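> turn this into a model:
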Amino acid sequence: MRREAMKFHVSAIALGCIALLSACGGGGGGSTDGGAEQTISFQLPFSGEALIGVPPNSATATLKATASSGGAVTFTSNTPDVCSVSGDQLTLLKLGECSVTATQAGADGYAPVSQRQIFVVPKNPQMIAKFPNPGWQPLDTKPVQLSATFTSGLPAKFTSKTPDVCSVSGTTMTKLANGMCTIVAEQEGNDFYLPALVTGKDATSVAMAQFMQKNIPIGTELPAKMTFLTGYKDTDNTNEGLIGHFGNQWWCDSCDRAASGDSFTFTATSDAPPDAWWYSRASFQFFAAGLADADLLSPDGTYRAGVKETALTTPGAAPKGLQLEIQSALHFNLAQNPEWFGAANNKFNVELFLGHFNQKDGKACNVALKATVQPTAAAATNYSVGLKDQFAFSETCGLSGLDIMNEVQNYPVLEMRFSAVQPNGQVKNAASKYQTQFKLTGPIYFQ
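Below you'll find the model as predicted:
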């Protein structure tokens, strides 16, 4: 169970106790036996600690109080069902109002004195920790098991917001009709935890509401289309993000590219069959929405090579990258030049770079997936590349036990790279050049 933290709130009574000790059973009036008056300085428990644990994860604090006489101070809980005291150790037992009295019994000519502190132990917030979407479901009688966990460890309550499409009983979903089934996972709270409700008004519930609802397509219903790029603005920008390979650089002086609204063409040309070191020239990448030049690795300012880890750790107003949910395939329209398509190896790679970073060789590394596609025609062709069955990890950054669908559902797609497995070095064009050309038309999306 994940331990939560919460601020303690000083009650109005406590504030009054601090201002007027005598009103709260404290103070320093002399005793009837004529002893000298003394005072107690009793610090509010947990003072100076902005965040502390709360029940049922028992929180403890050391009580601190000093008497002006220098005599020993003892502590007593006035609310033993809410908080207990042992020596100078205060333990919170349940929610409510905790009252503790510090007492100096009096000695050596001093009169006894006491002071009371009162504070409220609030409920612990809870958040949804995991609510996996079971994904597209065929319209049949097979029940679907739902699962969700909250940081409190309390059981989730599932509700269907689309009762004509699906119903829920306990943790079992029943499919009723073709359509989008919307399921909400909530937790009503208890004596220790605040409720986590989609309709909740507290800040935690409002922030988590989007993660507490899943849309599950049934039968003929398809998952929502999530677009990585809708089109191509110019040679340096897409309609959403940036293009990585500038072309015509010293390291690729025969690369070129062109954009025209709904299409993007990248061409790498060689006078001779390209050597292995030349292969990286026949590649380019797109960056997702929300990423700016400052977020990208641009060593000399002339090309964009990747995404900095700080792009996601630095707060920003707009989300960065595309966060998938249950989309299962990448879709795009691509054409090749006839010469490359006619070569012995005309395959191309598609790589997805995710917002999952880890240190590798002393540098920030982000997890990447790669699929190798066998083209079916030189002309513009629609391709659908399955995430689970056609992509594999091309970079794990030293991490183990990774699962592709978990990765794409938990980390945004930040960058997409297209590259030739082997640039054309066999079939010359009319100008006697070896040319490798990609042409993308229309949106690139996941569904």
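> bridged to the spatially closest residue to Ala72 that is not a sequence neighbour, which residues?
The shortest distance from Ala72 to any non-neighbouring residue, by Cβ to Cβ, 6 or more residues apart in numbering, is to Gln104 (7.2 Å). For the C-beta atoms, the positions are set from N, CA and C on the backbone; glycine is no exception. Taking DSSP bridges as the rule, Gln104 bridges to Val113.
> any idea how far Gln104 lies from Phe266?
82 Å (Cβ to Cβ, to the nearest Å).
> these two: which is more packed in?
A direct count of neighbours by other Cβ atoms under 10 Å for Gln104 and Phe266 places Gln104 higher, at 25 against 22.
> tell me the contacts of that one?
Gln104 is in contact with Gln38, Ile40, Ala67, Ser69, Gly71, Ala72, Val73, Thr74, Tyr110, Pro112, Val113, Ser114, counting by Cβ atoms under 8 Å, 6 or more residues apart in numbering.
> by contact count, what packs against the helix or strand Glu351 falls within?
Per DSSP states H and E: Glu351 is located in strand 348-360. In terms of contacts (3 or more Cβ pairs under 8 Å, 6 or more residues apart in numbering; DSSP states H and E), strand 348-360 is packed against strand 306-307, strand 329-336, strand 363-373, helix 404-410, strand 413-420.
> try it again with 7 Å
Contacting strand 348-360 under the criterion 3 or more Cβ pairs under 7 Å, 6 or more residues apart in numbering; DSSP states H and E are the following elements: strand 363-373, helix 404-410, strand 413-420.
> mind checking the end-to-end distance for stretch 324-337?
32 Å (Cα to Cα, to the nearest Å).
> centre of the chain to it, how far?
24 Å (Cα atoms, centre = their mean, to the nearest Å).
> Tyr110: neighbour count?
Tyr110: 21 neighbours (other Cβ under 10 Å).
> quick one: it from Gln43, how far?
21 Å.
> now do the buried residues in stretch 60-79.
Within stretch 60-79, the residues that qualify as buried are Ala61, Leu63, Ala65, Ala67, Ser69, Gly71, Val73, Phe75, Ser77, Asn78, Thr79, counting by 16 or more other Cβ atoms under 10 Å.
> what sits against the closest residue to Thr79 other than its chain neighbours?
Nearest residue to Thr79, sequence neighbours excluded (Cβ to Cβ, 6+ apart): Ser99, at 4.8 Å. Ser99 sits next to Asn78, Thr79, Arg116, Ile118 when contact means Cβ atoms under 7 Å, 6 or more residues apart in numbering.
> I'd say the last one and Glu97 touch.
Right, the one you point to is Ile118. Yes - Ile118 is in contact with Glu97 according to Cβ atoms under 7 Å; the separation is 6.2 Å.
> out of the two, which sits in the busier spot?
Each of Ile118 and Glu97 has its neighbours counted (other Cβ under 10 Å); Ile118 has more, 22 against 15.
> would you confirm that that one belongs to a strand?
Yes - assessed by DSSP: H, G, I helix; E, B strand; the rest coil, Ile118 belongs to a strand.
> look up how far Val82 lies from it.
Noted for Ile118: a distance of 10 Å to Val82, by Cβ to Cβ.
> list residues touching both of these two?
Joint contacts of Ile118 and Val82 (Cβ under 7 Å, 6+ apart) are Glu97.
> and of the buried residues of stretch 60-79, the nearest to Ala368?
When the buried residues of stretch 60-79 are compared for distance to Ala368 (Cβ to Cβ), Ala61 wins out at 47.4 Å.
> who's in contact with the helix or strand containing the closest one?
Element membership for Ala61, per DSSP H and E: strand 60-62. Applying Cβ under 7 Å, 6+ apart, the external contacts of strand 60-62 come out as Pro45, Phe46, Asp88, Gln89, Leu90, Thr91.
> shouldn't Ala209 be within a strand?
No - assessed with three-state DSSP, Ala209 is helix; it does not lie in a strand.
> hang on, isn't it packed against Ala196?
No - counting by Cβ under 7 Å, Ala209 stays clear of Ala196, with 9.0 Å between them.
> those two: which has the busier surroundings?
Ala196 (27 against 17).
> grab the nearest non-local neighbour of the more buried one.
Leaving out its chain neighbours, the residue that sits closest to Ala196 by Cβ to Cβ, 6+ apart is Gln187, at 4.4 Å.
> how many residues are close by the one you found?
Residues lying near Gln187 (other Cβ under 10 Å) number 26.
> OK, contacts around it?
Gln126, Phe150, Ser152, Leu154, Ala156, Lys157, Pro195, Ala196.
> bridging residues for the residue lying closest to Ala305 once chain neighbours are set aside?
Sequence neighbours aside, Leu297 is the residue nearest to Ala305 in space, at 4.6 Å (criterion: Cβ to Cβ, 6+ apart). Going by DSSP bridges, Leu297 is paired in beta bridges with Gly306.
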